[in-house]
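*Asks:* Got a predicted structure plus its sequence, pasted below:
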Amino acid sequence: MALAEAQADYGLLSQEQLADLRTHVKDVDLPRALEVEAEIGHDLMAELLVFAEQCPVGGGRLHLGATSTDIKDNAEVIQTREALTLLLESLGELLHILASKIDSWAEIRVMAYSHLQPAEPTTLGYRMALYARDLLSDWRALQRILSEVRGKGFNGAVGTRAAYAELLGTDKLKDFEARLSVLLELPFHSITSQTYPRKQDYEVMSGLADLGISLYKFAFDLRILQMPPIGELAEPFGEKQVGSSAMPFKRNPIMAEKVNSLARSLAQMPRLAWDNAAHSLLERTLDDSANRRTMLPEAFLTGDEILQTSIRIVRDLQVDEQAMQDNLATYGPFAATERVLMALGKAGADRQAMHQLLREHAMAAWATVRAGGPNPLSELVANDPTINEHLTPVDVTALFDISEYVGDAPVRARAQAKEIREAVPEPPR
C-alpha cells in the first residue's frame with residue numbers, strides 16, 4: 001500500500017485506483033492466499049494476487065517495479081523494530097524492579113562466594129546490583145541496535161533500482177525513496193542487494209543473546225542460592241504449587257530452570273544468523289529464507305519469555321535473612337582472616353609468615369565446621385602466642401566482627417539503582 005501511495009504521487013496510479021486499494025488493504029484472506037500458493041509455489045506472489053483480485057479498479061497497479069524482498073524485507077524490519085521496542089519496555093520494567101530491590105537490600109549482609117566457595121561478606125543489594133549492571137548494559141546495547149536497524153528500501157531485484165528508474169526516471173529516485181521512508185516511518189540502508197544486509201540479523205540476534213547471558217547468570221545463581229544448604233533466596237512458590245510428582249516436599253526452582261533452558265536456546269541464534277549473512281552469496285541466495293521464518297520470531301518470543309519470567313522472579317523473590325545470618329556466622333570468620341592479616345601487617349609482622357599461620361588455623365577450623373561444630377577460628381587466632389606478639393586477644397576478637405566488612409558496597413549499590421532510574425524511562429503502567 002505504501003508503494004502504491006508513493007507511486008500515486010508520481011502519476012502511476014489514479015486517485016480512484018488508490019482508493020480501491022485502500023478500501024481492501026485490510027481484507028486479508030489467508031485461506032485464499034494459501035490456496036493460490038499451493039498452485040504457484042510463491043508465498044508473496046500468492047498474497048499479491050489475492051490482494052489484486054479484491055481490487056477490481058486498482059489491483060492491476062500493485063507491485064509496480066517491486067521484487068518480493070521490497071515488500072517482505074521491509075515488513076520484517078518493521079516487525080523487528082516493534083519487537084525490540086516491546087522487549088526494551090519489559091527490560092526497563094525489570095531494571096526498575098531491580099533498582100527498588102537494590103535500595104531495599106543495600107545494607108543486608110550476605111556471604112559472597114568465589115569459586116563457589118565462601119569468600120567474604122557482601123550485601124544482597126550489591127549482589128543484585130551486579131545483575132542490574134549487566135542488564136543496564138544490555139538495555140543500552142539493544143537501544144543502540146534499535147536505533148541502527150534499517151529497512152531494505154525499494155531497490156528492486158539486485159539493489160540497483162533499475163525498474164523504478166524505468167518508471168520514474170533516475171532523477172526522481174532519491175525523492176521517491178524518501179517518500180516511502182516517511183510513509184513507513186522506516187529509515188533505509190543506503191546500499192543493499194536484493195535484501196537488506198543479513199549482518200543486521202546477526203546484530204539483532206547477538207543483542208538478544210547478550211541479554212540471555214545476563215538473565216542466565218541471574219537464574220543459575222538463584223538456583224544455587226535456593227539449595228537448602230545455602231537457602232538464602234528462593235523464587236516464588238505458590239501455596240498449592242507441586243514441586244515433584246514423586247517427592248511431595250520438593251520446591252524445585254522451575255522458573256529459574258526455564259530461564260536457563262530458553263536462554264541456552266537463544267544463545268544458538270547468532271550462530272545461525274552468522275551463517276545466513278556469510279552465505280548470502282553475490283546479490284542474494286534463498287538458503288536463509290526457511291530458517292529465518294523460525295529464527296526471528298522464536299528469538300523474540302524466547303527473549304520475551306525469559307524477561308517476563310525474570311520479572312516475576314525478582315518482583316516476588318523470597319529472602320531468608322535468618323539463613324543469611326547463619327551462613328555468615330558459619331563462614332564469616334574465615335573472611336575475617338584478611339582483616340587480621342592487614343592488621344598484622346600494619347603492626348610490623350611478616351606478611352608471608354602470618355599468612356601461613358592463619359592458613360593453618362583456618363584449615364583446623366574447617367575440619368571442625370565439617371564435623372558439625374561451631375566455627376572456632378576466632379578463638380584459635382586470638383589465643384595464638386605468635387600473633388599475640390603483635391595483636392592482643394581483644395584486638396583480634398574485634399577484628400573478627402565482620403558485620404561492617406563490606407567496604408563501600410551499599411553506597412555503590414544505591415548508585416547503581418540511581419543510574420538505572422536516570423537512564424531508563426519509567427515503564428508504562
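*Replies:* Looks like it arrived, so ask away.

*Asks:* use CA for all of it now, contacts and neighbours both
*Replies:* Will do.

*Asks:* can you pull out the strands in the stretch 251-400 of the chain?
*Replies:* Per DSSP state E, counting those that start in this stretch, the stretch 251-400 of the chain carries strands over the ranges 318-319.

*Asks:* which stretches of it aren't confidently modelled?
*Replies:* By pLDDT under 70, the stretch 251-400 of the chain contains no weakly predicted segment.

*Asks:* which one is residue 303 nearest to, not counting chain neighbours?
*Replies:* Of all residues not flanking residue 303 in the chain, residue 208 sits nearest, at 6.5 Å (CA to CA, 6 or more residues apart in numbering).

*Asks:* and after the one helix or strand residue 95 maps to, which helix or strand comes next?
*Replies:* Secondary-structure assignment from DSSP states H and E places residue 95 in helix 68-105. Toward the C-terminus, helix 68-105 is succeeded by strand 109-114 as the next helix or strand (DSSP H and E).

*Asks:* Can you pull out the residues in contact with that following strand?
*Replies:* With contact meaning CA atoms under 8 Å, 6 or more residues apart in numbering, strand 109-114 is reached by 118-124, 324-325, 327-328, 331-332, 403.

*Asks:* Can you list the strands that that strand pairs with?
*Replies:* Strand pairing for strand 109-114, determined by DSSP bridges: strand 117-123 (antiparallel).

*Asks:* got the angle between the next helix or strand after the strand it pairs with and helix 68-105?
*Replies:* Toward the C-terminal end, the helix or strand that comes next after strand 117-123 (DSSP H and E) is helix 124-148. For helix 124-148 against helix 68-105, the angle between stretch directions is 160 degrees (axes from the mean of the first three to the mean of the last three CA atoms, to 10 degrees).

*Asks:* Report the distance from helix 124-148 to the chain centre.
*Replies:* 8 Å (CA atoms, centre = their mean, to the nearest Å).

*Asks:* Give me the buried stretch members for it, please.
*Replies:* Applying a neighbour-count criterion of 16 or more other CA atoms under 10 Å, one finds 124-129, 131-136, 138-139, 141-142, 145-146 buried in helix 124-148.

*Asks:* Tell me which other helices or strands that helix touches.
*Replies:* Helices and strands in packing contact with helix 124-148 are listed as helix 68-105, helix 199-226, helix 409-423; criterion 3 or more CA pairs under 8 Å, 6 or more residues apart in numbering; DSSP states H and E.

*Asks:* Following element in sequence after that helix, please.
*Replies:* Per DSSP H and E, helix 124-148 leads on to helix 162-168 as the next helix or strand towards the C-terminus.

*Asks:* for that next one, packing partners?
*Replies:* Contact here means 3+ CA pairs under 8 Å, 6+ apart; on that basis helix 162-168 packs against no helix or strand.

*Asks:* For the nearest residue to residue 233 once chain neighbours are set aside, give its distance to residue 232.
*Replies:* The shortest distance from residue 233 to any residue that is not its chain neighbour, by CA to CA, 6+ apart, is 4.8 Å, and that residue is residue 319. Look at residue 319 and residue 232: by CA to CA, to the nearest Å, they are 6 Å apart.

*Asks:* Comparing those two, which residue is more hemmed in?
*Replies:* Legend: neighbour count by other CA atoms under 10 Å for residue 319 and residue 232, higher for residue 232 (24 against 16).

*Asks:* Check the contact between that one and residue 326; I expect there is one.
*Replies:* No: with contact taken as CA atoms under 8 Å, residue 232 and residue 326 are classed as non-touching, separated by 9.6 Å.
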